[in-house]
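# I would like to see how this sequence folds:
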Amino acid sequence: MSGPGDAPAPPVDAGRVLADLADLAALTGGPEGARRVCWTSEWEAARDLLRNRLAAIGIDATEVDEAGNLWARLPGADRGAPALALGSHLDSVPAGGPLDGALGVIAALGVLRAWAESDREPPRDLVLIDFADEEGSRFGRSLFGSSALAGTLDPAALRDLEDADGNAIGDVLAGHGVDLDRAPAAHERIGGIGAWLELHIEQGPVLDAAGESCAAVSGCAGVERFRLDFAGQASHAGTTPMDQRRDAGLAAAATALAVERIAREHGGVGTTGRIELEPGVITAVAGRAELSVDLRHPDADRLEAMHAAVRQAADVIAGSHSCKVSEQPVWRIAPIPFDRDLVGRAEAAVAAAGGRRTAMASGALHDAAELARVVPAAMVFAASVDGISHAREERSRDADLTAAIGAFGELTAAALAAPPR
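Numbers count the residues shown, from 1 in each chain. The predicted structure is shown next:
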């Protein structure tokens, strides 16, 4: 191959990307949705398809790092420069959709294919990374592989995790060649990466409602995830007067409504996706209740204010029902802004593709949120029809995917043309 010179980067063939996605869906999908849950045979089958597609463009050697992340490298003209890394994750939630995560990996394959089939080398190495267990579907720990690469994974915090069938995380990972205690060693590879770019579906309704095909992403919202435990007194449903009850269930329900109100007031989002009552029978007042709360906001101060307001509301509501409440932290991550220069380049690429002219924040977490801690990072979103994701009904229009893939290809070209940082 000759040097890149001033010629434009080879365009990404969006049609072949869509065809590869269709083949992946045929292999690991079906009437009930995607079956690419990490650390399963179906997930390994998805990776085998990826390896076959890479081999077809001359990339026969792929590596799996200590955290189970799959790496593929297309050498560039300047072998000593930090690589431009692209990708996402092939794993899915149970009964998920065909695009979540997979779009980013297969689009990255499309970028490598475009260069490999041209007569030129990219200015520097292009690296495709398929991160392991972004979803956290089996053990509840999202962003496993990307957090290992970013240096934030703590094996001790995961060691006691089990899946729904009682299988220990360490045993399951070992069955796929990953030693949980060795997983943080993947971080040693981060020095070879100069920047990270990721294409993903929005997973929300904003772009679709506005009739926009794609958008640059400014960063990922922060998350405060915790459990509120309400303690009252279980008693007979028929004999306990209403004014003498200590109903933990009602306290939890009223707090759930307060979470909705507070999220709206602060311009964030709040979700109470799980409530459990004890003794949990129709003939008894609930003596105990557990309420899960997930708060998200792209601004750290507003996220903190939401958290404080929810806790204050829970205290007041618990007292009004003669109950006590305590908080148990589950997980948190601060808002993660993406690199301003790369976001600006993403905005230009998206605008040229006919998409949204200004960047939007992501309410969902992505592997890019972990990578952005340690290297410049940016994302492009493709519109999701009706905002549906994590469900078999998940889909995006071909025209929107084509625009987003084109914008991602242009962003990649712009990042390659810029001096590495």
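
# Relative to C323, how far out is D247?
Here D247 is placed at a distance of 7 Å from C323 (Cβ to Cβ, to the nearest Å). C-betas here are computed from N, CA, C, even on glycine.

# Correction: the previous question concerned A237.
17 Å.

# Same drill for those two, tell me which one is more crowded.
Remark: of A237 and C323, C323 carries more neighbours, 25 against 12, as counted by other Cβ atoms under 10 Å.

# Now that the more buried one has come up, it's in contact with F230, right?
Yes. Using Cβ atoms under 8 Å, C323 is in contact with F230, at 5.1 Å.

# For these two, list the residues in contact with both.
Residues touching both C323 and F230 (Cβ atoms under 8 Å, 6 or more residues apart in numbering): A248, A251.

# can you pull the pLDDT of S2?
Listed pLDDT for S2 reads 37.

# An error on my part: the question was meant for L257.
For L257, pLDDT reads 98.

# before we move on, what about V330?
V330 carries a pLDDT score of 85 in this model.

# Let's verify it: helix, strand, or coil?
strand (DSSP: H, G, I helix; E, B strand; the rest coil).

# ok, now which ones touch it?
Taking Cβ under 8 Å, 6+ apart as the test, what V330 contacts is R225, F226, R227, S292.

# rerun at 6 Å
R225, F226, R227 (Cβ atoms under 6 Å, 6 or more residues apart in numbering).

# Could you spell out the sheet neighbours of the helix or strand hosting the first one, each with its direction?
For R225, the host element (DSSP states H and E) is strand 222-231. Looking at strand 222-231 with DSSP bridges, its partner strands are strand 288-297 (antiparallel), strand 324-333 (antiparallel).

# where exactly do the strands run in the stretch 251-400 of the chain?
Ranges of strands in the stretch 251-400 of the chain, per DSSP state E, counting those that start in this stretch, are 269-271, 275-278, 284-285, 288-297, 324-333, 336-337, 360-362, 377-382.

# quick one, which of these is nearest to I201?
Closest approach to I201 among these is made by strand 377-382 (5.2 Å; Cβ to Cβ).

# Against S218, how distant is G355?
14 Å.

# Who has more neighbours out of the two?
Set G355 next to S218 and count neighbours by other Cβ under 10 Å: G355 wins out with 25 against 19.

# ok so, going back, shared neighbours of D247 and C323, anything?
The contact lists of D247 and C323 share G232, where a contact means Cβ under 6 Å, 6+ apart.

# Could you verify that V111 is part of a strand?
No. Counting by three-state DSSP, V111 is not part of a strand but helix.

# What's the separation between it and H89?
V111 sits 17 Å away from H89, going by Cβ to Cβ.

# now do A404
17 Å.

# can you check A364 too?
To H89, A364 is 12 Å away according to Cβ to Cβ.

# which sections of the stretch 151-300 of the chain are below the confidence cut-off?
Nowhere does the stretch 151-300 of the chain drop to pLDDT under 70.

# which stretches of it form helices?
Taking DSSP state H, counting those that start in this stretch, the helices of the stretch 151-300 of the chain run over residues 169-174, 206-210, 248-266, 300-320.
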